[in-house]
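Undergrad: Here is a sequence together with a model predicted from it:
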Amino acid sequence: MSTVNIEHWLYSRNQLKPEDLKLTLSMYITGSWVAQLERKDQLFLVQWRESGLTVESQQLKYRRLIPWPKLTSYTKFPLMIPALETALDVKFIRHIDISTVGINPKQYLKKKSKMQQWLKPCANTFGEHMSYEYD
């Protein structure tokens, strides 16, 4: 997810503004996961994992004063978005880009798929820009 069209992060980073944000959720075959929020100007980098929250920033505001939402399980990811928007006073575009390695993401992009139902609270549209299949 992003506060701007995801294509800018992938193909035209020079069009990004310093305050633009990208939020990703990565899930691994081992069962571990990480949600990461990054700002274009690298003012802060926030990561949520099973083990907790990590905030990297030179500014005390982002390390201590922002009421970062908790994320104790990747299953709660869609429900975290409104709290994150409120904490940072931003709006994410309601689009999810699904990237995969080794599998075809088309099955996840079908209308009313389980993944779309899960992400429905935070996304209206879905796409794929960086998926790779192995032959």
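TA: Cool, the structure landed. Numbers count the residues shown, from 1 in each chain.
Undergrad: where do the strands sit along this protein?
TA: All strands of the chain, identified by DSSP state E, fall at 21-27, 33-39, 44-49, 52-57, 95-97, 125-127.
Undergrad: In TSV: these, plus mean pLDDT.
TA: Below are the strands of the chain laid out as TSV (pLDDT from 0 to 100):
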stretch	mean pLDDT
strand 21-27	95
strand 33-39	97
strand 44-49	98
strand 52-57	97
strand 95-97	88
strand 125-127	83
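Undergrad: Excluding chain neighbours, what is closest to residue 74?
TA: Among residues not flanking residue 74 along the chain, residue 33 sits closest, at 4.3 Å (Cβ to Cβ, 6 or more residues apart in numbering). The way it works is simple: take the backbone N, C-alpha and C, and place the C-beta from them, glycine included.
Undergrad: repeat for residue 62
TA: That would be residue 44: by Cβ to Cβ, 6+ apart, it lies 4.2 Å from residue 62.
Undergrad: what's the burial count for the one you found?
TA: 20 (other Cβ atoms under 10 Å).
Undergrad: ditto for residue 67
TA: 10.
Undergrad: what's the weakest-modelled helix or strand in the protein?
TA: helix 106-109 (a mean of 67; mean pLDDT, DSSP states H and E).
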